[in-house]
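Trainee: Generate coordinates for the sequence data below:
(chains A and B)
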Number of protein chains: 2
Amino acid sequence: MSEKKPLILVTNDDGITAPGIRHLISIMKEIGEVIVVAPDRPQSGMGHAITVNDNLYCDEVHLDDQVREYSCSGTPADCVKIATQEIMKRKPDICVSGINHGSNSSINVIYSGTMSAAVEAGTSDIPAVGFSLLDYSMNADFSHTTEFIKYIVNMVLDNGLPRATVLNVNFPAVEKEKIKGLRLCRQAKANWVENFDKRQTPHGRDYYWLTGEFVNQDGGKDTDEWALENNYISVVPVQFDLTAYHALKEFKNWNFEH
Amino acid sequence: MSEKKPLILVTNDDGITAPGIRHLISIMKEIGEVIVVAPDRPQSGMGHAITVNDNLYCDEVHLDDQVREYSCSGTPADCVKIATQEIMKRKPDICVSGINHGSNSSINVIYSGTMSAAVEAGTSDIPAVGFSLLDYSMNADFSHTTEFIKYIVNMVLDNGLPRATVLNVNFPAVEKEKIKGLRLCRQAKANWVENFDKRQTPHGRDYYWLTGEFVNQDGGKDTDEWALENNYISVVPVQFDLTAYHALKEFKNWNFEH
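Mentor: A predicted model of the protein is given here:
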């Protein structure tokens, strides 16, 4: 491979054999040298979990002749850590995560393993993008994402990203012809209202399944939810400095520093 | 119990029997009616993980005559969801999480199960505070935290918190006499540089332990790291709207919306 090719780290949270990451790998092979370090099994909803009390396996696997790939027993964030510190000889030019089977728009970003991998890369100053499709099915059709993913990745490779920022890109699950294009957005104010499904084991012990209803409280047309409902691809710049600066000012009136 | 007493939800990520949460419960009993829903085992580093592909147990346990307590098989975020949706008859007046055995300052906030519980409560408009002590030991001395935790919790009960904001409070591990007081801070710019400890199983398979060095890149005196190094208790308001608004402006110059 040419030394001029960008070095691309690919990961996800649905596991290394999920159709979403295989599609992302197929696109990245056209752009650069690809190394895959991804979970050995689905890790949906893992948020920014890391493995501190258990050891990690990270085994080379052969799924594609043109790509070096590793299957890791850890979380998406673990995968990025072990990729960049143990497996890759130099810092990748970009880290891409996904394509997630399911939405990571609005408040879902805080639960998202896909986005935690991108954020983890971001904390080490690696430009990073998480891609998600609003279709949970393992048979989801990713074909309409190709052109836009290429466009975004090439743009990030050319321009970098603002410091301490990664991108959260979500695709509506509609036919290619209906897609209106990319749209820069803010994270919609939304939350989940849980509804636990209570059952009993055959032995009489109560247990629960987490289910929930997504509630979008935000009518703004500058949000990711609005964009997706209107067949745009939402692009939200995400930060990992969680300081609520506006609140810092409010608290100055409190007697906190007593 | 008097109906005027505030209703307090207590959780953590070190597990329901950890000394840190027992200390927090003992303080909260003096302030209000306490309900504990906490993980049945340590969940450090769980970030904002939730349990979507497995069921949850949540069993009442009797550890303290004055407190209703539930031991849950899920993550800290799961505990808050099941507490507020299944166990508590009304929305708690405050959710407190911790006291964590170990730091959740600066970038640690994104890996923190303690803080994810607080954030989870925040997404449902419940005022929430995460407390952490900079001592990982199970025998850590929490006595100097009592007075300050009371002060903060009473202040939040009296005033509420700015919308979509929770508090991240970290205590230095020093004697009470050395504590200089509370200090409002921003999250320091810092990251972890990992160092994997590679070993072999007795059967010849490579495995890794995640270890790392914390690197504070931030010399600011308004940061949580500076406060803690100088024997202040750091108080950082944390938000879960992760939109990088400053970056949104920068991107407007890009040809993203092509």
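Trainee: thought residue A:12 was touching residue A:41?
Mentor: No: the pair residue A:12 / residue A:41 is not scored as a contact, 11.5 Å apart, by Cβ atoms under 8 Å. Using the backbone N, CA and C atoms, a C-beta is placed for each residue, glycine as well.
Trainee: Between the two, which is the more surrounded one?
Mentor: residue A:12 (31 against 14; other Cβ atoms under 10 Å in any protein chain shown).
Trainee: Name the nearest residue to that one, sequence neighbours excluded.
Mentor: Distances taken as Cβ to Cβ, 6 or more residues apart in numbering or on different chains put residue A:21 closest to residue A:12, at 4.2 Å, once the chain neighbours are dropped.
Trainee: Count the residues that sit near that neighbour.
Mentor: Other residues near residue A:21 come to 30 when the count uses other Cβ under 10 Å.
Trainee: ok, it to residue B:217 distance?
Mentor: 32 Å (Cβ to Cβ, to the nearest Å).
Trainee: follow-up on the earlier one: pull the contacting residues for the residue nearest to residue A:12.
Mentor: By Cβ atoms under 8 Å, 6 or more residues apart in numbering or on different chains, the contact list for residue A:21 reads A:10-12, A:14-15, A:36, A:38, A:98-99.
Trainee: hmm, try it at 7 Å
Mentor: Residues in contact with residue A:21 (Cβ atoms under 7 Å, 6 or more residues apart in numbering or on different chains) are A:10, A:12, A:14, A:38, A:99.
Trainee: Just say helix, strand or coil for it.
Mentor: Recorded secondary structure, residue A:21: helix (DSSP: H, G, I helix; E, B strand; the rest coil).
Trainee: Spell out which parts of the stretch 1-150 of chain A neighbour chain B.
Mentor: Contacts of the stretch 1-150 of chain A with chain B, taken as Cβ under 7 Å from any Cβ of the partner chain, map to A:42, A:44-53, A:55-58, A:78, A:81-82, A:85-86, A:107, A:109-111, A:116, A:119, A:123-124.
Trainee: Restricted to strands, list those.
Mentor: Judged by DSSP state E, the residues of the stretch 1-150 of chain A next to chain B include residue A:58 as members of strands.
Trainee: Just the buried subset of the residues of the stretch 1-150 of chain A next to chain B, please.
Mentor: Neighbour-count burial (16 or more other Cβ atoms under 10 Å in any protein chain shown) applied to the residues of the stretch 1-150 of chain A next to chain B gives A:42, A:44-52, A:56-58, A:78, A:81-82, A:85-86, A:107, A:109-111, A:116, A:119, A:123-124.
Trainee: And the strands in the stretch 151-258 of chain A?
Mentor: With strands called from DSSP state E, counting those that start in this stretch, the stretch 151-258 of chain A shows them at A:165-171, A:181-184, A:190-200, A:206-216, A:232-239.
Trainee: Turn the ones you listed into a markdown table, including mean pLDDT.
Mentor: Shown next, in a markdown table, are the strands of the stretch 151-258 of chain A (pLDDT from 0 to 100):
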| stretch | mean pLDDT |
| --- | --- |
| strand A:165-171 | 98 |
| strand A:181-184 | 95 |
| strand A:190-200 | 90 |
| strand A:206-216 | 91 |
| strand A:232-239 | 97 |
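Trainee: what's the most buried one of those strands?
Mentor: strand A:165-171 (a mean of 28; mean count of other Cβ atoms under 10 Å in any protein chain shown).
Trainee: List the buried residues of stretch A:60-72.
Mentor: Under 16+ other Cβ under 10 Å, the buried positions of stretch A:60-72 are A:67, A:69-72.
Trainee: Contacts only, for the closest residue in space to residue A:37 that isn't next to it in sequence.
Mentor: Nearest non-adjacent residue to residue A:37, counting by Cβ to Cβ, 6+ apart: residue A:83, 3.8 Å away. Residues near residue A:83 by Cβ under 7 Å, 6+ apart: A:9, A:35, A:37.
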